[in-house]
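**Student:** Okay, predicted coordinates and the sequence, questions at the end:
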Amino acid sequence: MELITNSDDSYKILEAEGKKPSGNIDITIKKSNQGFCESIRIRDEATGIPASKIEEIFCYGRPTSGLYHGKSVRGFFGRGLKESILSLGQAEITTCCQGQATRCKYYYSQDEKRLILEIFDQQQRNDPVSYTDINIICSAEKKIRCPDFEKIYKVLNDHFALRDINRNLKRNIKITLEKGNKKYGPKRLFFKIPSYQQIENLEIISSEYGPASFVLYESPEKLYYSKYDPSSLAGILVKTKGAILENYMFGFENDQNSHYFFGELDCPGIFEKLLKGDKSLIRPDRKGLYWQKLIDIEEKVKNVLARHIERKKAKSYESSEEMPRERLDKFRKVLKKLNILAEELTEIIDIDEGIKHGIQELKRLTIYPSEGSAPPYQNRVFSIYCPKKKNTSSISVFVELEDSSGKFELSDRQIILTPLEKYASLLFGYFKIKGFRIGDTTNIIVHCEDEEDIAEFKVKEEKGKKEHGKGAPKEKTAGIFKKIVFDDEEKDPNQRVYYDRSLGYVIIYLNFPGIKPHLEKHGNGIETEKGSMLFSELLAEAFCREISRRKADKEIFDAEGRLDYYLKMYNEYMKKCLPVIQKIFLISWG
């Protein structure tokens with residue numbers, strides 16, 4: 001891979017000078033009958049290596065990359081070629097630059113314990129063609145296994161760092177494998193982009209690195225992805241000035257719904273930092289960036305990705321849930337009871353559905369909803385959002401009532417806003433209000449420093465519930481637990497049940513050991529004795545995990561104490577929720 005990028009860099013230099021080189025890069029791999037790699041040879045017809053630069057280029061660790069001369073090339077540390085040679089064995093190099101030909105050998109001397117560049121021959125030729133021919137002889141002691149031709153081809157063709165090169169019509173990269181008398185290839189590398197629909201094209205501003213462009217695509221088909229496989233098709237290619245640094249999934253590596261997305265994040269500011277000699281951004285093992293240095297960019301991209309992954313996830317679950325009406329009614333009933341229990345135990349308030357999709361665009365203190373109502377003697381919750389200011393982890397806001405026609409009660413008049421778990425750039429808080437007489441109204445004013453917002457609250461008669469006939473609209477589940485789904489797509493889940501906070505879904509992973517055959521797709525099997533017992537246990541587990549976690553995070557601040565408190569609450573809540581679930585699913589089926 002390093003040899004290909006070096007050749008491509010050389011061609012880019014010529015093209016930047018207005019020349020039209022051939023773009024040929026020929027790779028020949030020799031494989032022994034025992035399956036080991038004997039040699040790797042790569043030849044290009046680019047700039048060649050000037051005789052006067054040979055020793056400088058092969059001095060290990062010296063910054064010979066075109067990057068340090070302001071050119072848009074990939075070899076950031078000037079070590080790619082040398083590392084490739086030394087990791088495999090030794091190299092025989094023949095190069096010609098503007099008629100000056102050089103033959104040399106580069107290897108590590110065990111006797112002298114140092115790297116040696118041995119120049120055999122330098123002579124002037126009349127041949128005007130410049131080229132570089134590097135033949136790496138693999139060490140027999142290292143016994144480097146050589147894959148078959150198709151696997152080698154796929155790795156090189158799909159490697160994230162080579163995709164722009166392989167798609168470049170000005171490059172003609174061919175690979176050949178030789179094994180004894182057999183020859184496979186030559187076959188040209190050409191990367192084909194998966195079918196897609198562009199869903200985002202935006203500019204991201206970083207306080208330290210300036211503007212970055214982010215383009216996101218969605219594929220109709222699930223794409224191959226594995227965190228440690230550079231040939232993965234899903235993921236975001238992180239680029240700077242024509243160099244692809246990493247294929248990154250921004251923390252969603254294990255979410256199967258993320259594998260429908262790919263794109264590019266291009267940040268020229270990284271190039272500018274490297275140009276000034278700052279190597280702290282890129283891992284020395286070339287396995288990507290140190291993202292703790294690009295937190296603001298990472299967070300913004302992650303929020304965009306999260307929104308689309310949630311949409312994909314919700315859509316996939318909605319389309320897959322086909323179950324009997326009786327089962328759906330029981331699910332709605334148990335979720336309603338669990339949400340009531342959750343609010344009693346922790347006073348949990350979820351992010352408002354109506355503001356969720358535009359939450360990242362909030363720029364000022366905001367109360368939501370702007371108009372709300374509730375029956376007499378019943379609380380109505382209003383949420384408060386505010387963008388997080390620099391070096392501020394929380395703020396206080398004040399709530400007042402104006403122009404009231406009647407009596408009203410507020411749960412709090414001073415609210416502490418704290419960061420939202422999912423949207424760390426926003427602060428969040430809430431309060432409750434209730435009135436006592438139908439028709440009474442009041443204006444609610446929230447203010448903080450020089451900002452304020454206003455909402456209206458009215459006491460209304462409770463609307464009658466509609467009877468549910470065939471084809472009636474689904475009842476919306478209020479509260480944090482909104483739906484129960486059975487996931488048959490995740491082939492190797494790391495847990496048997498999971499509560500997804502972003503969707504409010506309890507997800508039961510059917511492919512976790514011990515779930516099938518007692519529970520199947522769409523909840524089939526839940527009417528059996530073993531199935532209903534297992535389902536009750538899983539639902540109770542998801543409930544107790546989430547409520548105990550929220551309670552512990554809210555009330556206990558040291559890590560050790562939080563764990564002890566979590567375990568205590570988990571067992572306490574299990575006693576409370578399990579009878580509620582079992583009453584519906586173990587007793588009622590009969």
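**Tutor:** Cool, got the structure. This one's a predicted model, so the numbers in the text were calculated from it and none came from an experiment.

**Student:** Now for residue 508: which residues touch it?
**Tutor:** Residue 508 makes contact with 484, 485, 486, 487, 496, 497, 515, 519, 535, 538, according to C-beta atoms under 8 Å, 6 or more residues apart in numbering. Where C-beta positions appear, they are placed from N, C-alpha and C, glycine not excepted.

**Student:** which of the residues you listed lies closest to residue 123?
**Tutor:** Of all these, residue 123 sits closest to residue 487, with 68.3 Å by C-beta to C-beta.

**Student:** quick revisit: residue 270: which of the contacts of residue 508 is nearest?
**Tutor:** residue 487 (37.5 Å).

**Student:** mind checking how far that closest one is from residue 516?
**Tutor:** 12 Å (C-beta to C-beta, to the nearest Å).

**Student:** ok, those two, which is more surrounded?
**Tutor:** Neighbours per residue (other C-beta atoms under 10 Å) separate residue 487 from residue 516, with residue 487 holding more: 21 against 13.

**Student:** OK, contacts around that one?
**Tutor:** Applying C-beta under 8 Å, 6+ apart, the residues near residue 487 are 317, 493, 507, 508, 509, 510, 511.

**Student:** thinking again about what came up before, would you turn the contacts of residue 508 into JSON lines with pLDDT?
**Tutor:** JSON lines is the format used below for these (pLDDT from 0 to 100):
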{"residue": "484", "pLDDT": "93"}
{"residue": "485", "pLDDT": "91"}
{"residue": "486", "pLDDT": "92"}
{"residue": "487", "pLDDT": "89"}
{"residue": "496", "pLDDT": "94"}
{"residue": "497", "pLDDT": "94"}
{"residue": "515", "pLDDT": "94"}
{"residue": "519", "pLDDT": "93"}
{"residue": "535", "pLDDT": "95"}
{"residue": "538", "pLDDT": "96"}
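
**Student:** Pull out the buried members of those residues.
**Tutor:** 484, 485, 486, 487, 496, 497, 515, 519, 535, 538 (16 or more other C-beta atoms under 10 Å).

**Student:** the bottom helix or strand of the protein by mean pLDDT?
**Tutor:** Within the chain, no helix or strand scores below helix 353-356, which has a mean of 52 by mean pLDDT, DSSP states H and E.

**Student:** what distance separates stretch 397-417 from the middle of the whole chain?
**Tutor:** Offset of stretch 397-417 from its chain centre (C-alpha atoms, centre = their mean, to the nearest Å): 41 Å.

**Student:** returning to what we had before: redo the contacts of residue 487 as JSON lines? Include secondary structure, distance to residue 382 and pLDDT.
**Tutor:** Converted to JSON lines, the contacts of residue 487 look like this (DSSP: H, G, I helix; E, B strand; the rest coil; distance: C-beta to C-beta, whole Å; pLDDT from 0 to 100):
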{"residue": "317", "secondary structure": "helix", "distance to residue 382": "30", "pLDDT": "75"}
{"residue": "493", "secondary structure": "coil", "distance to residue 382": "38", "pLDDT": "85"}
{"residue": "507", "secondary structure": "strand", "distance to residue 382": "30", "pLDDT": "93"}
{"residue": "508", "secondary structure": "strand", "distance to residue 382": "34", "pLDDT": "94"}
{"residue": "509", "secondary structure": "strand", "distance to residue 382": "37", "pLDDT": "93"}
{"residue": "510", "secondary structure": "coil", "distance to residue 382": "40", "pLDDT": "94"}
{"residue": "511", "secondary structure": "coil", "distance to residue 382": "42", "pLDDT": "93"}
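
**Student:** list the buried ones in the helix or strand containing residue 199?
**Tutor:** Per DSSP states H and E: residue 199 is located in strand 197-206. By neighbour count with 16+ other C-beta under 10 Å, strand 197-206 contains the buried residues 200, 204, 206.

**Student:** all strands of the stretch 1-150 of the chain, in order?
**Tutor:** Applying DSSP state E, counting those that start in this stretch to the stretch 1-150 of the chain gives strands spanning 24-31, 37-44, 89-97, 100-109, 114-124, 131-138.

**Student:** of those, which approaches residue 213 most closely?
**Tutor:** strand 24-31 (28.6 Å).

**Student:** how about low-confidence regions in the protein?
**Tutor:** Scanning the chain for pLDDT under 70 picks out 59-81, 127, 285-286, 319-322, 347-361, 421-422, 462-478, 554-560, 587-590.

**Student:** Domain map for it?
**Tutor:** Domain assignment of the chain by automatic domain parsing yields the ranges 2-188, 197-316, 323-337+479-587, 350-459.

**Student:** could I get those domains as a markdown table with distance to residue 344?
**Tutor:** As requested, the domains of the chain are arranged in a markdown table below (distance: least, C-beta to C-beta, whole Å):
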| stretch | distance to residue 344 |
| --- | --- |
| domain 2-188 | 50 |
| domain 197-316 | 28 |
| domain 323-337+479-587 | 9 |
| domain 350-459 | 13 |
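
**Student:** To residue 343, which of these lies closest?
**Tutor:** domain 323-337+479-587 (6.9 Å).

**Student:** which one of the strands of the stretch 1-150 of the chain lies closest to residue 402?
**Tutor:** Of the strands of the stretch 1-150 of the chain, the one closest to residue 402 (C-beta to C-beta) turns out to be strand 24-31, at 74.1 Å.

**Student:** Taking strand 37-44 as reference, get the angle to the closest one.
**Tutor:** Per axes from the mean of the first three to the mean of the last three C-alpha atoms, to 10 degrees, the angle that strand 24-31 makes with strand 37-44 is 170 degrees.

**Student:** Show me the common contact partners of residue 487 and residue 516, please.
**Tutor:** Common neighbours of residue 487 and residue 516 (C-beta under 8 Å, 6+ apart) are residue 510.

**Student:** what is the orientation angle of the helix or strand hosting residue 154 with strand 24-31?
**Tutor:** Residue 154 is part of helix 149-158 when elements are defined by DSSP H and E. Orientation of helix 149-158 against strand 24-31 (the same axes, to 10 degrees) gives an angle of 140 degrees.

**Student:** and the helix or strand following helix 149-158, C-alpha only, in CSV?
**Tutor:** Following helix 149-158 in sequence order, the next helix or strand is helix 163-167 (DSSP H and E). Output of helix 163-167 as CSV, limited to C-alpha atoms (Å, rounded to 0.1, in the frame of the first residue of the first chain):
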residue,chain,number,x,y,z
ARG,A,163,-9.7,4.6,-3.1
ASP,A,164,-9.0,8.0,-4.6
ILE,A,165,-6.0,6.6,-6.4
ASN,A,166,-7.8,3.6,-7.7
ARG,A,167,-10.7,5.7,-9.0
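
**Student:** which residue sits closest to residue 500, ignoring its sequence neighbours?
**Tutor:** Leaving aside its sequence neighbours, residue 500 sits nearest to residue 507 (C-beta to C-beta, 6 or more residues apart in numbering; 5.9 Å).

**Student:** Quickly list what residue 418 is bridged to.
**Tutor:** Residue 418 has the following beta-bridge partners by DSSP bridges: residue 428.

**Student:** isn't it right up against residue 428?
**Tutor:** Yes. Using C-beta atoms under 8 Å, residue 418 makes contact with residue 428 at a distance of 6.7 Å.

**Student:** Those two - which one has more neighbours?
**Tutor:** Shown here are residue 418 and residue 428; by other C-beta under 10 Å, residue 428 has more neighbours (19 against 14).

**Student:** Having no further points to raise, I will conclude here.
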